[in-house]
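**Student:** coords please:
(chains A and B)
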Amino acid sequence: MLQTTRLMAVVLLGFSLPVYAASDTPPDMKTMWKLLQQQQAEIKKLKTENKRLSEKVDMAGDMAEEAIKTQSSAHKVAPSGTSMHKTHGANMQKTSIGGYGELHYNNLDSKNEIDFHRFVLFFGHEFSDSIRFFSELELEHSLAGEGKEGEVELEQAYVEMDLGENHHAKAGLFLLPVGILNETHEPNTFYGVERNPVEKNIIPTTWWEGGVGANGQIAPGWSYDVAITSGLKVGSDYKIRGGRQKVSEAVANDLAYIGRIKWTAIPGIELAATAQYQEDITQGNDPTAGSATLIETHAVIRKGPYGLRALYAQWDLDGSGPAAVGKDEQHGWYIEPSYRINNNFGVFARYNEWDNSDGSGSTTDTKNEQWNLGVNYWPHENVVLKLDVQDQSGAKDDDGFNLGVGYQF
Amino acid sequence: MKAVINIHTSDVGSSLLWLLPFVILALLFYGNVWARGVYQEPDAFVQEAFDGKPPEARLLWLTSGIRPKAKQILGHEPATRRVRYWTSNGRSVWILDEIGKDQPITTGFIVNQGKLEKVKILVFRESRGYEVRYPSFTDQFNQAGLTNNMGLDRNIDGISGATLSVRAVSKLSRLALYYHAIIQKNNDAP
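**Tutor:** Numbers count the residues shown, from 1 in each chain, chains lettered A, B, ... in the order given. Model (predicted):
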């Protein structure tokens, strides 16, 4: 602005000087003084005008931004971040949508099939700065309905409220705080086409329940989760995965209690442990069954291109019923080193071991072992192509390879 | 009509157990209007950066010459047409927003002679990934610069379960360095 003003002064001086240059005699002091005063007044006026124009430019900028926001709102797609598109209403309340999906091709001894395994949409809404809603709706295996392979599932639908800067409470249907994949399972965030068999068969991921919970930070790097929820209802086979009621007219005679402590004080390292307890895992259906306790612990390490995931999980089922068929102890673990070659490629190896019948009454060897070796290719940070080779031994022998494509937005 | 969660009325103990957590939650909710995660007001960050005497704010207009690189860094069009900044003696301060998973993370940056002098999370609104606010994470950016292909000249270790927040802050740090380079270039121009 200063440069502009100086330029104006020079130009004005330039216009006035030729008048006197043409004259034979120079103007006297009084005339010069008058001229200078006139120029000063002109400069002042121009300065004012310049300031006014600058303000107008700023206002034009503001109006342009506002117009963009309004247009975005009208089209339901506003400028967004990496994963979630936002919509802004006139009252500045916000509704958000996002999602992920994955297509799998399995060429295994047991099957040769292609399946759009998961198509998921997220919907969220901010009621206020401190109260929000989040949901996740999933279509599994493309087609749902009577006699079809797939299911439509509500995997999350809860209201969360802040209880202070570091503590939050929620009520509704939510994913339980256990394992590595149960809460974060978008396909671009993990290696391998299928989710690992340990978290699937032991934990059992993906696992959600209805109830109330709280989470927060208790010290830098230390966080907690606690919840009181609906519980499992296993059948006479005491199969944990089959006991998920999915909050669908779920029998609620016995509640379940879960707590997790997590340490993430050093970037690139996560250590966590979860315990879950249920008074009666059959919801009163089986007098020979009793309480059930899950203990899970894991480590996730990522330093530069090197990655490591390791997890151990174990169920203990009380009662003579589970013990008679060896289901009183069910456990598994895996370890997964990985190497990120560059931004686009990463390779991994995973060894999994699990046994859903390793209790006192088990008469046969039911331990399963599985190796996976594979590669992930990320053409974009939110899109992934996957390949892995699977080799099983032990109670199961299902070998082959898997291909997959996944996305998140 | 069946209840979604079928409570057996004969089991009074169980019903009371269900009631208790909801009552506790209602009491906690009642009257509470806390907003999450304002760790430092942006104005205070600017004041602190210049020892209480900040220079006048300036505007960097995101012209057609600047927007493509900004878009390359963010992975989407910048949400604004101009960015406010403060600069003095080769240092500049930027307050930038980027969405992690579904909420904007407001971050303050001090850039000194083309290197990050300080990164601080000012407002964090996401429900997960809050660990990015701790110095153990943000200190990794100290003295980081920009490479020729608009990347950071060092590795930043992520946080498990906070991938999207880490990604957002990393992008903003590159953006602050890029904007700083632009204003330095403009100052150096004859």
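**Student:** of all of chain B, which residue lies closest to chain A?
**Tutor:** B:I99 (2.2 Å; Cβ to the nearest Cβ). For the C-beta atoms, the positions are set from N, CA and C on the backbone; glycine is no exception.
**Student:** is that residue in a bridge, and if so with what?
**Tutor:** Following DSSP bridges, B:I99 is listed with bridge partners B:P104.
**Student:** same question, the one 10 residues further on
**Tutor:** Under DSSP bridges, the beta-bridge partners of B:F109 are B:W94, B:V119.
**Student:** isn't it right up against B:L96?
**Tutor:** Yes - assessed by Cβ atoms under 8 Å, B:F109 is found in contact with B:L96 at 6.7 Å.
**Student:** what do those two both touch?
**Tutor:** Jointly contacting B:F109 and B:L96 under the rule Cβ atoms under 8 Å, 6 or more residues apart in numbering or on different chains are B:L172, B:A176.
**Student:** On the three-state scheme, A:K47 is what?
**Tutor:** Assigned state for A:K47: helix (three-state reduction, DSSP: H, G, I helix; E, B strand; the rest coil).
**Student:** So for it, what's the pLDDT?
**Tutor:** For A:K47, the pLDDT comes out at 88.
**Student:** Contact partners for A:G319?
**Tutor:** A:D286, A:T288, A:A289, A:G290, A:D328.
**Student:** got it, and A:Y339?
**Tutor:** Per Cβ under 8 Å, 6+ apart, neighbours of A:Y339: A:P305, A:Y306, A:G307, A:G346, A:V347, A:F348.
**Student:** what residues are up against the last one?
**Tutor:** This means A:F348. A:F348 sits next to A:191-192, A:307, A:336-339, A:372-376, A:388 when contact means Cβ under 8 Å, 6+ apart.
**Student:** any idea where the strands of chain B begin and end?
**Tutor:** B:5-6, B:58-61, B:82-88, B:91-99, B:104-112, B:115-124 (DSSP state E).
**Student:** By mean pLDDT, show me the worst of the ones you listed.
**Tutor:** strand B:5-6 - the lowest mean pLDDT of the strands of chain B, at a mean of 50.
**Student:** how much space between A:A219 and B:Y134?
**Tutor:** Distance of A:A219 to B:Y134, given as Cβ to Cβ, to the nearest Å: 10 Å.
**Student:** Oops, could you answer that again for A:Y158 instead?
**Tutor:** From A:Y158 to B:Y134 the distance is 26 Å (Cβ to Cβ).
**Student:** Is the residue nearest the centre of chain A part of a helix or strand, or is it coil?
**Tutor:** The residue lying closest to the centre of chain A (Cα atoms, centre = their mean) is A:T184, at 5.6 Å. Three-state assignment for A:T184 (three-state DSSP): coil.
**Student:** For it, give me its contacts.
**Tutor:** The contact partners of A:T184, by Cβ under 8 Å, 6+ apart, come to B:G161, B:T163.
**Student:** If you count neighbours, what's buried in the longest helix along chain B?
**Tutor:** Looking only at chain B and at elements set by DSSP state H, the helix with the highest residue count is helix B:163-188. Of all the residues in helix B:163-188, those buried under the rule 16 or more other Cβ atoms under 10 Å in any protein chain shown are B:163-184.
**Student:** just stretch A:327-336 next, same as before
**Tutor:** Neighbour-count burial for stretch A:327-336, with 16+ other Cβ under 10 Å as criterion, is recorded at A:K327, A:D328, A:E329, A:Q330, A:H331, A:G332, A:W333, A:Y334, A:E336.
**Student:** Turn those residues into a markdown table, including distance to A:N166, secondary structure and pLDDT.
**Tutor:** Output for these, formatted as a markdown table (distance: Cβ to Cβ, whole Å; DSSP: H, G, I helix; E, B strand; the rest coil; pLDDT from 0 to 100):
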| residue | distance to A:N166 | secondary structure | pLDDT |
| --- | --- | --- | --- |
| A:K327 | 40 | coil | 94 |
| A:D328 | 39 | coil | 95 |
| A:E329 | 38 | strand | 96 |
| A:Q330 | 36 | strand | 97 |
| A:H331 | 34 | strand | 97 |
| A:G332 | 34 | strand | 98 |
| A:W333 | 32 | strand | 98 |
| A:Y334 | 32 | strand | 98 |
| A:E336 | 31 | strand | 98 |
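**Student:** residues touching A:Q390, list them.
**Tutor:** Taking Cβ under 8 Å, 6+ apart, we find A:Q390 in contact with A:L108, A:Q370, A:W371, A:N372, A:D398, A:D399, A:G400, A:F401, A:N402.
**Student:** who wins for neighbours among the residues you listed?
**Tutor:** For the contacts of A:Q390, the largest number of neighbours (other Cβ atoms under 10 Å in any protein chain shown) sits with A:N372, at 24 neighbours.
**Student:** Distance of that one relative to chain B?
**Tutor:** A:N372 sits 20 Å away from chain B, going by Cβ to the nearest Cβ, to the nearest Å.
**Student:** just to confirm, which helix or strand has that residue in it?
**Tutor:** Element membership for A:N372, per DSSP states H and E: strand A:368-380.
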